[in-house]
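1. just a sequence and a predicted model for now, questions to come.
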Amino acid sequence: MRLINRRPDRTSWMLLAALPFLLVLIAYALGSAVRLAENPSDKLLPGLTSFVDAIDRMAFTPDKRTGDILLWLDTATSLARLVAGIAIAAAGGLLVGLAAGLLPYVRATLAPFVTVASMVPPLAVLPILFIVVGLGEASKITLIVVGVLPCLIRDLMLKIDDLPRQQLIKAQTLGANSWTLAIRVVLPQILPRLIDSIRLNLGPAWLFLISAEAIASEAGLGYRIFLVRRYLAMDVILPYVAWITLLCFLMDLGLRVLQRRAFPWFEDARASA
């Protein structure tokens, strides 16, 4: 049998998926053991005991100054900013993408601007946002919107372009106007694709959030990472990075479940395509 036609069973698939993670852990454990043998106070690759102490201090022990449990405070703060930014970007992307994808005059007006806006590095406008919007929550949420919104609009426009033209023609033949086409024909088909677009932009959204928190914030996962970096506190930084990764994975998983439950037909349509 050709290699391209050979597929692993479920057990093999899970083992193969776990293999890279195990290799990374083994490489870290070996590197940490070597460095700690040379210098027991080494901070670059701390041992398991250091991680346990740091996690207990950040996730289970109230801060002596504020009384807050820092990991959960940072998580709640960052998630509130992230969800707000993604929600605003998703709503704007859906409205503008739907209008620009269906209406030629709207596309002619907005498509060039959206294309240029999507090429601007969002982090380059961060100082401008701090000057114009201020250092508060609005600038961090706005950065996420600025970074994600143009990509969502462009992606939804392309998705609408991919819809069969025969559907629109038949709907118009049956008397559908532009509003009916948008709401009854196009919108149900691009909503699951909007979820896909949001999933693809979760990573960049986290990047924008952490960058903004690192520069101007008093709480948040990105703020905490950049705060402790001056002390080379890798026993805090690495668990925080792992926690952010887990949160992003859980958000992606939640969106996949939502898509599967809300639009069961979409998975079948994608499989048969």
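-> Looks like it came in fine.
2. distance of residue 160 relative to residue 106?
-> Separation of residue 160 from residue 106 (CB to CB, to the nearest Å): 12 Å. For glycine as for every other residue, the C-beta is placed from the backbone atoms N, C-alpha and C.
3. roughly how far apart are the nearest residue to residue 146 once chain neighbours are set aside and residue 203?
-> Computed as CB to CB, 6 or more residues apart in numbering, the closest residue to residue 146 that is not its neighbour in sequence is residue 122, at 5.2 Å. Residue 122 sits 13 Å away from residue 203, going by CB to CB.
4. those two: which has the busier surroundings?
-> Neighbour comparison, residue 122 and residue 203: the larger count goes to residue 122, with 24 against 12 (by other CB atoms under 10 Å).
5. which ones are touching that one?
-> Residue 122 makes contacts with 143, 146-147, 208, as judged by CB atoms under 8 Å, 6 or more residues apart in numbering.
6. same check on residue 186?
-> The contact partners of residue 186, by CB under 8 Å, 6+ apart, come to 98, 101-102, 160, 163, 168.
7. how about residue 223, what does it touch?
-> Residue 223 is in contact with 74, 213-214, 217, counting by CB under 8 Å, 6+ apart.
8. which of these sit farthest apart?
-> 74 and 214 (12.3 Å; CB to CB).
9. between those two, tell me which one has more neighbours.
-> Of the pair residue 74 and residue 214, residue 74 is the one with more neighbours under other CB under 10 Å, namely 25 against 17.
10. might one say that that one is in contact with residue 219?
-> Yes - with contact defined as CB atoms under 8 Å, residue 74 and residue 219 form a contacting pair (5.8 Å).
11. what do these two both touch?
-> Going by CB under 8 Å, 6+ apart, no residue sits against residue 74 while also sitting against residue 219.
12. what kind of secondary structure is residue 267 in?
-> At residue 267, secondary structure determined by DSSP: H, G, I helix; E, B strand; the rest coil is helix.
13. ditto for residue 63
-> Going by three-state DSSP: residue 63 is coil.
14. filter the contacts of residue 122 down to the ones in helices?
-> In this view, those that belong to helices under DSSP state H are 143, 146-147, 208.
15. widest-spaced pair of the residues you listed?
-> 146 and 208 (8.0 Å).
16. list the buried ones in stretch 38-55?
-> Going by neighbour count (16 or more other CB atoms under 10 Å), the buried part of stretch 38-55 is 42, 45-46, 50-51, 54-55.
17. show me those residues that map onto helices.
-> Residues of these located in helices (DSSP H): 50-51, 54-55.
18. re earlier: now render the contacts of residue 223 as JSON lines, adding distance to residue 9.
-> JSON lines is the format used below for the contacts of residue 223 (distance: CB to CB, whole Å):
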{"residue": "74", "distance to residue 9": "41"}
{"residue": "213", "distance to residue 9": "43"}
{"residue": "214", "distance to residue 9": "44"}
{"residue": "217", "distance to residue 9": "47"}
